[in-house]
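In: generate coordinates for the sequence data below:
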Amino acid sequence: MTRIADLLAAGRTCSFEFFPPKTDEAARSLEKTIAELEALNPSFVSVTYGAGGSTRERTRDVVIHIERDTGVTAMAHLTCIGHTEAQLSSLLDEYRDAGISNILALAGDPPADAPDEFDTGDFTHALELVELIRGHGGFCVGVAAHPEGHPRSPDLASDRRHLATKLEAADFAVTQFFFEPEPYLSLVEDLAALGCTKPVIPGIMPVTNASQVARFSQLAGAEFPAHQAARFEALGDDADAVRALGVELATGLCERLLAEGVPGLHFYTLNRSTATREIARNLGLDRPA
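Out: Here you go, the predicted structure:
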């Protein structure tokens, strides 16, 4: 079983994130995307987990399928809000039995149609989930990082301290997406000042739909820079031009991050491969391993 911590120790990683499909047609589309991105020899891929565990079985099935059937290392997202310890322990047992060794531990959100579930279950914070996973043994554990601060954090300084505490217990972090390098570079600098030097992989979201990304940004507490938004707005409904600009901007961001020596790049694909493959080509990441 391949541990992401070992991949990071060996050199820079390149990874992709997917979400579990809801329909048969979406499942076929995801299979196509996985096959297209598998050709880039990713270090690993991850699969998200819906609010309150709403995609628990679908996430599990996709993760196990990727790990068993594609030869690509898969990391399962797992959230704890609204879950009991018994539920999470059972799922961890399933993952261990299936040969899954990498988990991204998240607090998560309650389902939009059942917000009171935030107050149910046995856990409130991701750190508690990290500790539960550690108690099961054998897993490599990642956590989430927010370069511009978690939306529920009272301030940036306390968010940094909380992240440093999480990383003491975890192996690495993957960040929320961001659009300019400074928030990420400040995050790493602030963690180092707190004595934390665990790998923090930057998360990259190529803009292919500006209004969609603006909504995502608002939810995630990530600033969609006004000067970038204006460039997309000027393109109107020209989808090809929007994607081309998104690829150009994401390529430039990745080039700067690589020059700064980041431990890897993690692409939020939204289950589509075109923009990510174009960025990989621009960066020379599409060459055979």
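In: rest of the way, CA atoms for contacts and neighbours
Out: OK.
In: so, low pLDDT: which residues of the stretch 51-200 of the chain?
Out: Applying pLDDT under 70 to the stretch 51-200 of the chain flags residues 51-55, 110-121.
In: ok, 90 please
Out: 51-58, 71, 80-83, 107-125, 137, 150-153 (pLDDT under 90).
In: can you pull out the strands in it?
Out: Listed in chain order, the strands of the stretch 51-200 of the chain (DSSP state E, counting those that start in this stretch) span 74-79, 102-106, 140-145, 172-177, 200-204.
In: the first one: partners in the sheet, and parallel or antiparallel?
Out: Next to strand 74-79 in the sheet, as set by DSSP bridges, lie strand 44-47 (parallel), strand 102-106 (parallel).
In: can you list those in JSON lines and add distance to residue 274 and mean neighbour count?
Out: Listed next are the strands paired with strand 74-79 as JSON lines, based on distance: least, CA to CA, whole Å; neighbours: other CA atoms under 10 Å:
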{"stretch": "strand 44-47", "distance to residue 274": "16", "mean neighbour count": "24"}
{"stretch": "strand 102-106", "distance to residue 274": "25", "mean neighbour count": "25"}
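In: report the rounded mean pLDDT for the helix or strand hosting residue 5.
Out: Here residue 5 sits within helix 4-10, counting by DSSP states H and E. On average, the pLDDT along helix 4-10 is 98.
In: quick one: closest of the strands paired with strand 74-79 to residue 243.
Out: Of all the strands paired with strand 74-79, it is strand 44-47 that lies closest to residue 243, at 22.5 Å by CA to CA.
In: gap between the closest one and the chain center?
Out: Its chain's C-alpha centre and that of strand 44-47 lie 8 Å apart, by CA atoms, centre = their mean, to the nearest Å.
In: partners of the helix or strand following the helix holding residue 5 in the sheet?
Out: Counting by DSSP H and E, the element after helix 4-10 in chain order, helix or strand, is strand 13-18. Strand 13-18 sits in its sheet next to strand 44-47 (parallel), strand 264-268 (parallel), going by DSSP bridges.
In: make JSON lines out of the ones you listed and add mean pLDDT.
Out: As requested, those are exported to JSON lines (pLDDT from 0 to 100):
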{"stretch": "strand 44-47", "mean pLDDT": "97"}
{"stretch": "strand 264-268", "mean pLDDT": "97"}
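In: appreciated, that's everything.
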